[in-house]
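In: Sequence first, predicted model second:
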Amino acid sequence: MATALSRRTVLAAGAAALPLFHVRTAAAAPREIKFWHAMSGVNGERLEEMTRQFNASQTEYSVTPIFKGTYDELINATVAAYRTRTQPQLVQIYERGFMTMLLSGAVVPVQELVAAHGHNINWADFIKPIAGYYTHKGKLAAMPFNSSTPILFYNKAHFAKAGFDKPAETWAALDEQLRKVKDAGGPGSIMAGDYHWSWFENYSAINDYQYATKNNGFEGLDTEFTYNRTPVVQQVGRMKRWLDDGLLQISGAGVSPTAVFTSGRSATFIASTASHSAVMAAGGLEWGAVPLPYEEGRTPRNSVIGGAVLWALRGHGQAENAGTAAFLAFSAKPETQVWWHKATGYVPATNAAYELAKREGWYKQAPTQEIAIQQLMRGEPTANSLGYRFGNFTQTMLAQREEAERSFAGQKTPQQAMDDAVSRGNEILRRFERLNAGRY
């Protein structure tokens, strides 16, 4: 299993994997391509590094990355900019904004754009749960960029003290382990801020439970949530029991769940594989990672993705579109994908990039970074595990979280909470359906 790697080691390994580029010597100023994004901190630095590598690889274009705040702030800024014709050429939008962007009329499908400018990409090589999420009418509408999926990080010392090498594969067995970890004087597990993604959405996909009708929204805007009639209800009940019994912690205001885990104050942490950068940078932490648990008696399926993709916006000339296409093609190269994977912890989007990382021996150095890829590629995606395609997805998620947290607080039973979450969510879906009738 993995032990802590220094960030210097990871970045050095990533830099070593960068393709060699020639130095730009053109006399004419390159055409600027504005790239709005929502990445801050270390990953924001890596994004800027990636754009510098692209800019150094050719002489015609210069991509300028511009940080625009959180994902929610970025999508709102994008909508406002398009209305005033001040939009950038390229924008990074989280997966929950897919339907909003797809039906906006403001985008050029990336597969069409890249092909129109002569770049050859093997679109069939994209990992299915990644490509499937963003494919519409047989073509990728947006370019996978920072794709992630949740895994289970764990503190080796806490588990060893309770007599375990690693977390169990099923939820029921993990429940028993965490109780023994607590009995041995260990802490509870910390819940990530985006727990709904792991504990409800990926829980449903991995266990092959229906989340909504119409193949989770892929087959029509008239989809309806159904997770109140599945074991998601029991999952909410499990979380409440764990909270009540001290097996699970909710971090308070201003407290980072990641920091709770990296400081050794948590036994497990279910979070995005992109948390690798922070976990690996934590000095003195002995940790490992395993795939997400599944319910006994179920055959675990693939997990679903989070993160964001790159959208090309309309309203620009052919010369600028050519620059956008060139950068998109650069981002899809196996060498670029592997570098990004090593430096950030996000998963490579193509099978070719994954195979390249394996040939380079990366997973011998960082074995836990392979877990997310293997989990995404586990089996053939079903209608329940390909992903989720809902309008106003962020709003429906917030309704679900509010109701779940009422159950955690003892104000509602798990069943009442999920019934109310589904009712509120379906009202939101109907508003989106009416607004976008005939567009999908």
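Out: Noted; the coordinates are in hand. Numbering: from 1, shown residues only.
In: Kindly provide the distance from the residue sitting nearest the centre point of the chain to residue 28.
Out: Among the residues of the chain, the one closest to the centroid is residue 306, at 2.2 Å (CA atoms, centre = their mean). Separation of residue 306 from residue 28 (CB to CB, to the nearest Å): 41 Å. All C-beta spots, glycine's among them, are computed from the backbone N, C-alpha and C.
In: and if you look at residue 150?
Out: Going from residue 150 to residue 28 by CB to CB gives 46 Å.
In: for residue 372, same thing?
Out: 43 Å.
In: List the first helix or strand encountered after the helix or strand residue 238 falls within toward the C-terminus.
Out: For residue 238, the element it lies in under DSSP states H and E is helix 232-244. Where DSSP H and E defines the elements, the next helix or strand beyond helix 232-244 is strand 248-250.
In: List the buried residues for that next one?
Out: Within strand 248-250, the residues that qualify as buried are 248-249, counting by 16 or more other CB atoms under 10 Å.
In: For that strand, which strands pair with it and how are they oriented?
Out: strand 189-191 (parallel) (DSSP bridges).
In: And the contacts of stretch 213-226?
Out: With CB atoms under 8 Å, 6 or more residues apart in numbering as the test, stretch 213-226 has contacts from 99, 210-212, 383-384, 386-391, 396, 421-422, 425-426, 429, 432-433, 436-437, 440.
In: what do you get if the cut-off is 7 Å, keeping everything else the same?
Out: Taking contacts as CB atoms under 7 Å, 6 or more residues apart in numbering, the residues outside stretch 213-226 that touch it are 210-212, 383-384, 386-391, 422, 425-426, 429, 432-433, 436, 440.
In: try stretch 249-262
Out: With CB under 7 Å, 6+ apart as the criterion, stretch 249-262 contacts 153, 188-193, 266, 269, 271, 275, 278-279, 282, 285.
In: Can you tell me how far the closest residue in space to the residue nearest to the centre of the chain that isn't next to it in sequence is from residue 360?
Out: Among residues not flanking residue 306 along the chain, residue 148 sits closest, at 5.1 Å (CB to CB, 6 or more residues apart in numbering). Separation of residue 148 from residue 360 (CB to CB) stands at 21 Å.
In: more crowded one of these two?
Out: With neighbours defined as other CB atoms under 10 Å, residue 148 and residue 360 compare such that residue 148 has more, 24 against 15.
In: count of neighbours near residue 382?
Out: By the criterion of other CB under 10 Å, residue 382 has 13 neighbours.
In: Next, it: secondary structure please.
Out: Look at residue 382: counting by DSSP: H, G, I helix; E, B strand; the rest coil, its state is coil.
In: Confirm for me that it is in contact with residue 301.
Out: Yes: in this structure, residue 382 is within contact of residue 301 by CB atoms under 7 Å, at 6.1 Å.
In: higher neighbour count, residue 372 and residue 28?
Out: For the pair residue 372 and residue 28, the greater number of neighbours falls to residue 372 (27 against 7), based on other CB under 10 Å.
In: Now for the contacts of stretch 249-262, which sits with the most neighbours around it?
Out: Most neighbours among the contacts of stretch 249-262, by other CB under 10 Å: residue 153, with 29 neighbours.
In: Specify which member of the contacts of stretch 249-262 is nearest to residue 334.
Out: Closest approach to residue 334 among the contacts of stretch 249-262 (CB to CB): residue 275, at 24.1 Å.
In: now the nearest residue to that closest one once chain neighbours are set aside: how far from residue 280?
Out: Leaving out its chain neighbours, the residue that sits closest to residue 275 by CB to CB, 6+ apart is residue 258, at 5.9 Å. Counting by CB to CB, the gap from residue 258 to residue 280 is 12 Å.
In: How about residue 110?
Out: According to CB to CB, residue 110 and residue 280 sit 31 Å apart.
In: Same question for residue 426.
Out: Note on residue 426: its distance to residue 280, by CB to CB, is 41 Å.
In: out of those two, which sits in the more crowded spot?
Out: Using other CB under 10 Å as the criterion, residue 426 and residue 280 rank with residue 280 on top: 22 against 17.
In: per-residue confidence at the more buried one?
Out: pLDDT, the model's per-residue confidence, is 89 for residue 280.
In: How about residue 108?
Out: Residue 108 carries a pLDDT value of 97.
In: Bridged to it, which residues?
Out: Here residue 108, judged by DSSP bridges, has bridge partners residue 312.
In: residues near it, how many?
Out: So residue 108, with other CB under 10 Å, has 20 neighbours.
In: what's the answer for residue 409, then?
Out: Neighbour tally, residue 409, other CB under 10 Å: 11.
In: Who are the packing partners of the helix holding residue 238?
Out: If contacts are counted by 3 or more CB pairs under 7 Å, 6 or more residues apart in numbering; DSSP states H and E, helix 232-244 sits against helix 203-206, helix 393-408, helix 414-435.
In: how about a cut-off of 10 Å?
Out: With contacts defined as 3 or more CB pairs under 10 Å, 6 or more residues apart in numbering; DSSP states H and E, the packing partners of helix 232-244 are helix 171-183, strand 189-191, helix 203-206, strand 248-250, helix 393-408, helix 414-435.
In: mind putting these in CSV, distance to residue 365 and mean pLDDT included?
Out: Putting the helices and strands packed on helix 232-244 into CSV (distance: least, CB to CB, whole Å; pLDDT from 0 to 100) gives the following:
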stretch, distance to residue 365, mean pLDDT
helix 171-183, 28, 98
strand 189-191, 27, 97
helix 203-206, 27, 98
strand 248-250, 31, 93
helix 393-408, 36, 97
helix 414-435, 42, 98
